[in-house]
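1. kindly return the folded structure for what I paste below:
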Amino acid sequence: MDKPEQPIDYNRPVAYDAEGRPLYAHPPIETPKVAKPKKRRSTDIIDKSITDAVKLKHERSQRVFPELDLNEGDYVISSVRRHPIGLVPAFTLGIVLITLSFTALFNYDLVVRLFQLTGSMADSSVAFWPITIFVIFVMLGEYVAYYVFSSNKFFVTNESVVHQIQTGLFSSGEQIVSLGNVEDASYTQNGIIQQLFNYGSIRVSTRGEDTIYRFTYVSDPKECVATLEGAIEHFKDCNKPC
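-> Residues are numbered from 1 along each chain as shown. Coordinates of the predicted model:
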């Protein structure tokens, strides 16, 4: 019978070289195989969900509306315009005050007789600077009214509704609602003035929290709501589960 093969002791020398140094038997050292890198397909490199047309619209929106922080593939569909009639009350008041101020300055003798002014108050040169300073403050107030009014903006993108709010010279905010969360969009035009000049308010309500967003003095609110509803429908169609 053949004897069972004894295991090799690799710690014992199996021979000696010419100089008497021991030689050992070691198991063959396997060279690890290096996996070849896989070639990436073109679909792994290019995100086909964002087409070239969408990229162009996104880049154009960034140039035209630099104040918006748009996501990649997000672009502006509509920038809602505010009707200038919203500035009429503030501008009318300012014009009246400035007109009265200059009228009083150039006809100061009548003011003196009307109010029976005496002493230094009866001198028109004394009243010049107070009236001038008052007119400057009125003009600054007109500018602030215009800045606040024009800084309130409403945008419809292919992904969301963006409402930029300016309530004062140093008070501002922003509301962003995904089109998928919009439950209802509507508009109102109250009175003959709004019908005649074709402006009104738009109203956007959301799901869940039941939050309502309003934007006033909107030019052609009916068209704005139609654009918003079209964007909502397109957004929901594109995000339907497969």
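2. can we go C-alpha only for contacts and neighbour counts from here?
-> Noted.
3. can I see the domain layout of the protein?
-> Annotated domains of the chain cover 69-83+151-238, 87-148 [automatic domain parsing].
4. how about JSON lines for those domains, with mean neighbour count, mean pLDDT and distance to residue 53 added?
-> JSON lines is the format used below for the domains of the chain (neighbours: other Cα atoms under 10 Å; pLDDT from 0 to 100; distance: least, Cα to Cα, whole Å):
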{"stretch": "domain 69-83+151-238", "mean neighbour count": "16", "mean pLDDT": "92", "distance to residue 53": "10"}
{"stretch": "domain 87-148", "mean neighbour count": "14", "mean pLDDT": "90", "distance to residue 53": "35"}
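5. thinking residue 222 is in contact with residue 187, fair?
-> Yes: assessed by Cα atoms under 8 Å, residue 222 is found in contact with residue 187 at 6.5 Å.
6. I figured residue 164 hits residue 156, correct?
-> No: Residue 164 lies out of contact with residue 156 (Cα under 8 Å); the separation is 11.6 Å.
7. just the CA trace of the one helix or strand residue 61 maps to, in PDB.
-> For residue 61, the host element (DSSP states H and E) is helix 52-64. Below are the C-alpha coordinates for helix 52-64, written out as PDB (Å, rounded to 0.1, in the frame of the first residue of the first chain):
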ATOM      1  CA  ASP A  52     -30.100  70.200 -24.600                       C
ATOM      2  CA  ALA A  53     -33.300  72.300 -25.000                       C
ATOM      3  CA  VAL A  54     -33.900  72.300 -21.300                       C
ATOM      4  CA  LYS A  55     -30.300  73.300 -20.600                       C
ATOM      5  CA  LEU A  56     -30.500  76.200 -23.000                       C
ATOM      6  CA  LYS A  57     -33.700  77.400 -21.300                       C
ATOM      7  CA  HIS A  58     -32.100  77.000 -17.900                       C
ATOM      8  CA  GLU A  59     -29.000  79.100 -18.900                       C
ATOM      9  CA  ARG A  60     -31.200  81.800 -20.500                       C
ATOM     10  CA  SER A  61     -33.300  82.000 -17.300                       C
ATOM     11  CA  GLN A  62     -30.100  82.400 -15.200                       C
ATOM     12  CA  ARG A  63     -29.000  85.300 -17.400                       C
ATOM     13  CA  VAL A  64     -32.300  87.100 -17.500                       C
END
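8. how about the residue most central in space within the chain, phi and psi?
-> Centroid-nearest residue in the chain: residue 68, 3.4 Å away (criterion: Cα atoms, centre = their mean). Geometry field for residue 68 lists phi and psi as phi -90, psi 140, criterion degrees, to the nearest 10.
9. list the contacts of the closest residue in space to residue 162 that isn't next to it in sequence.
-> Spatial nearest neighbour of residue 162, chain neighbours left out: residue 176 (4.6 Å); criterion: Cα to Cα, 6 or more residues apart in numbering. If a contact means Cα atoms under 8 Å, 6 or more residues apart in numbering, then residue 176 has 160-163 as its contacts.
10. let's have the residues you listed in JSON lines, adding distance to residue 213 and secondary structure.
-> Shown next, in JSON lines, are these (distance: Cα to Cα, whole Å; DSSP: H, G, I helix; E, B strand; the rest coil):
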{"residue": "160", "distance to residue 213": "13", "secondary structure": "strand"}
{"residue": "161", "distance to residue 213": "10", "secondary structure": "strand"}
{"residue": "162", "distance to residue 213": "10", "secondary structure": "strand"}
{"residue": "163", "distance to residue 213": "8", "secondary structure": "strand"}
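11. tell me the one among these nearest to residue 93.
-> residue 163 (28.2 Å; Cα to Cα).
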